[in-house]
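J.: Pasting the sequence and the predicted model now:
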Amino acid sequence: MEERRLGIVVSGSLTRGVEVRLDSAISVEDIAVGRYVTIEGEKRRFFGMITDVTLDASDPGLMTTPPDVSDPFIVEVLCGTSIFGRLHVLPSLTLGSDAMSLLEGPQPVKTVPTHFSVVRESSEEDVARVFGQVEEKQFYIGTPLDMETKVRLNPEELVKRSSGVFGKSGTGKTFLARLILIGIIQEGAAVNLVFDMHSEYGWEGTSEDNRKVKALKQLFPSKVAVFALDEESARRRKVSTDFIVEIGYGEIEPEDITMLRETLGLTEAAVQATYRLARRFGERKWLESFLAIEGREELGELAQSLGEHEATIAALHRRLDSLKRLRFLVPQARDNTIQRILEYLDRGMNVVLEFGRYTDYTAYILVANLLTRRIHAQYRERMEQAMGEDITKPRPLVITIEEAHRFLSQELAGQTIFGTIAREMRKYNVTLLVIDQRPSGIDEEVMSQIGTKITCLLDNERDIDSVLTGVSGKSELKAVLAKLDSKQQALIFGHAVPMPVVVRTREYGSPQSYKELGFREALELKKQAEDEAKDLWG
Amino acid sequence: MGRIDSPPKIGEVIEASTSEFTAQCYELHQPPPFGSLVKTREGDVEIYGVVLRAATTSIEPGRRPIARGRDEEEEEGIYRASPQLEKLLRTDFTALVVGHNAGRGGVETENDEKLHHYLPPRPARIHSFVYLCDLKESARFSQSLDFLSILVGAGGQADELIAASLRYAAAAHQEPRDFLTRAGREVAVLLGGETNRLTTILRRIKW
């Protein structure tokens, strides 16, 4: 079936996109920014996205002295002739029609269609050709606007580089991130370590309308382990936890305190003093020994012997003492959390670390940074070993962090492990999935290394700019981004998709949606087991 | 040269150029309507024109008619009292050439391919008969609106002429409103930036 003809190309350029004059039969009100069109050029077809809609008139005089619009006849004659709509289309891919190019698939555009090429709405087949046919078991993230074709977000490609989920609060970042994690787990593209600040990914989360939705552990009980920092909270929420995390004072290094500088309100001198303390008391003992000191005089003596100001040491002591309220910090941990996490990851189990009641940044930054640094070091070691000895490389690991601008701000990106991971990309098989509502707070260099960006509605100019840094057709995409619905819509571009795409994210939260993702109720599982037993024994 | 289905002839060409021809009506005061489609011929070629202006004058230039009706009750009385008046007056009309039919060997066909909406190679011959096209022929000729571009350049009365000819042609079509919409769009394209002219015409043809 021929798709609806929209108009013809009248001008444009490769860098700015092409202008399309709408046919008189098409009302601008039927058009939406973000939809796909196919342009039938002379030799090839172009595939692009509508990025703007304009009203235009052949004579400017018509604007100053409008005709009698109460007469339907006059309106009918003028529409599409003297007054007409224009579309701005950003062509992204070309689809050849000969056998060779069919094999090669869609290619990036290197030219524009000829004058007066016919522009049509894209057919489902064209969209499917661009985004790839989604097989039964494959993961898709949603559908393009007003279309049924499923858009595949290739998890294999996605985990090769760091990716980001952005959007202002309440636009469904958590929802999207959960979907992406499900996709990665479903297709086994990588193992995940999720730092789950608000306990939404492990057992269950809440949707915008306060319904409970199943999270990873419920969907994939055999593939996901929930680690909890806060045992009480987990018990109250009836989460079946696999491991209760405890972190010994000995695990905390001065570098971890550097990260907390802002949240604890430490001065630069205080941060430097921690390194001295570590030298004085030993790497694994310094915090415990320092916090054990009580009384002003003793602190004063310590300051003197370190050559620090007394006030600095006293303030540092006071601030670090506040860490004691974090119950998971203990002088001696019963078990080695890092080793446990690595064991799970090695077995292909995904680990979700729930923070329970510790939803403040101090706990989050401290734990995420501390664990990630050690795990990354291990990965790095093994990866180097694998390269040297030609043995299997460790599984790709994706680390999910929320409130990423706290870790990856311009001041911190150079120091934190997350900055390192984001920059070195997949060298050591570790990548990030960052979730953030203030992308402008993230270091530019890190932003530019993020391979796939999935952004919900953003309305802050600086945030939009930072998300779109280095993307071709930036100003066009800007218009699309600012006009997204605040719910269930996201603009995806980058490594894992062939061209920028606005998707209506797939439905999540209904029994049907769980089923589609491979979840089966206990009863069903039991029945299947019985059926299989019957088949086996007759 | 007479054709069986020819409409009745209404006049005779008395002045012709490539772009227009003037004919004298056989009947005084009975010129074809303003904007109607008429045709004449030059050899095998039928030439179509749109009536641009019509006028009734004295047969002798310089001798103007004088008022005669002071004592008459009704206007017709004047002509009854002076029957010679019919011979002293004449009605002429001028048609703007808008197309032609490049006939081959005088064979009449229904095939539209032979209709050209542009000027013929030669002007009409003096004393050629002029016929008023019937509705069917008028509809057939206005299938294509290419002739509008000639009307647009007709000078002072162009807008009135376009409106009149479209009203006339619309009556010949099955769906007058559709025809006028289509024609209106064509005019809108032809007039481009001249919005005032366009709206003037549209107001005159609105259905």
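T.: Happy to help now that I have it.
J.: elements contacting the helix or strand in which residue A:302 is found?
T.: Here residue A:302 sits within helix A:296-306, counting by DSSP states H and E. When contacts are defined as 3 or more C-beta pairs under 8 Å, 6 or more residues apart in numbering or on different chains; DSSP states H and E, helix A:296-306 packs onto helix A:268-281, helix A:310-321. All C-beta atoms are positioned from the backbone trio N, CA, C, and that covers glycine.
J.: Alpha carbons only: can I get the longest one in PDB?
T.: This means helix A:268-281. Extracted in PDB, the C-alpha atoms of helix A:268-281 (Å, rounded to 0.1, in the frame of the first residue of the first chain):
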ATOM      1  CA  GLU A 268      40.500  21.000  51.000                       C
ATOM      2  CA  ALA A 269      42.900  21.000  53.900                       C
ATOM      3  CA  ALA A 270      40.700  18.400  55.700                       C
ATOM      4  CA  VAL A 271      40.700  16.200  52.700                       C
ATOM      5  CA  GLN A 272      44.500  16.400  52.500                       C
ATOM      6  CA  ALA A 273      44.700  15.600  56.200                       C
ATOM      7  CA  THR A 274      43.100  12.200  55.600                       C
ATOM      8  CA  TYR A 275      46.000  11.200  53.400                       C
ATOM      9  CA  ARG A 276      48.400  12.100  56.300                       C
ATOM     10  CA  LEU A 277      46.200  10.200  58.700                       C
ATOM     11  CA  ALA A 278      46.400   7.100  56.400                       C
ATOM     12  CA  ARG A 279      50.100   7.300  56.300                       C
ATOM     13  CA  ARG A 280      50.300   7.700  60.000                       C
ATOM     14  CA  PHE A 281      47.900   4.900  61.000                       C
END
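J.: how about that helix: buried residues?
T.: A:270-274, A:276-278, A:281 (16 or more other C-beta atoms under 10 Å in any protein chain shown).
J.: Among the residues you listed, which one lies nearest to residue B:30?
T.: residue A:271 (108.4 Å; C-beta to C-beta).
J.: In contact with that closest one, which residues?
T.: A:254, A:257-258, A:261 (C-beta atoms under 8 Å, 6 or more residues apart in numbering or on different chains).
J.: Can you go through those and name the buried ones?
T.: Buried members of the contacts of residue A:271, scored by 16+ other C-beta under 10 Å, are A:254, A:257-258, A:261.
J.: In helices, which of those fall?
T.: Among the buried ones among the contacts of residue A:271, the members falling in helices (DSSP state H) are A:254, A:257-258, A:261.
J.: got these as TSV, with distance to residue B:57 columns?
T.: Shown next, in TSV, are those (distance: C-beta to C-beta, whole Å):
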residue	distance to residue B:57
A:254	113
A:257	111
A:258	107
A:261	105
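J.: Can you read off the pLDDT for the residue nearest the centre of chain B?
T.: A centroid search over chain B (C-alpha atoms, centre = their mean) returns residue B:51, at 2.3 Å, as the residue closest to the centre. Per-residue confidence (pLDDT) for residue B:51: 95.
J.: isn't it right next to residue B:93, touching?
T.: Yes: Residue B:51 is within contact range of residue B:93, at 5.5 Å (criterion: C-beta atoms under 8 Å).
J.: Could you pull out the residues contacting both of the two?
T.: Here residue B:51 and residue B:93 have B:31-32 as joint contacts, going by C-beta under 8 Å, 6+ apart.
J.: which secondary structure elements does the longest helix seen in chain A contact?
T.: Longest among the helix segments of chain A by residue count, using DSSP H, is helix A:361-389. Counting contacts by 3+ C-beta pairs under 8 Å, 6+ apart, helix A:361-389 packs against strand A:191-196, helix A:254-259, helix A:261-264, helix A:337-346, strand A:397-402, helix A:405-408, helix A:417-424, strand A:430-436.
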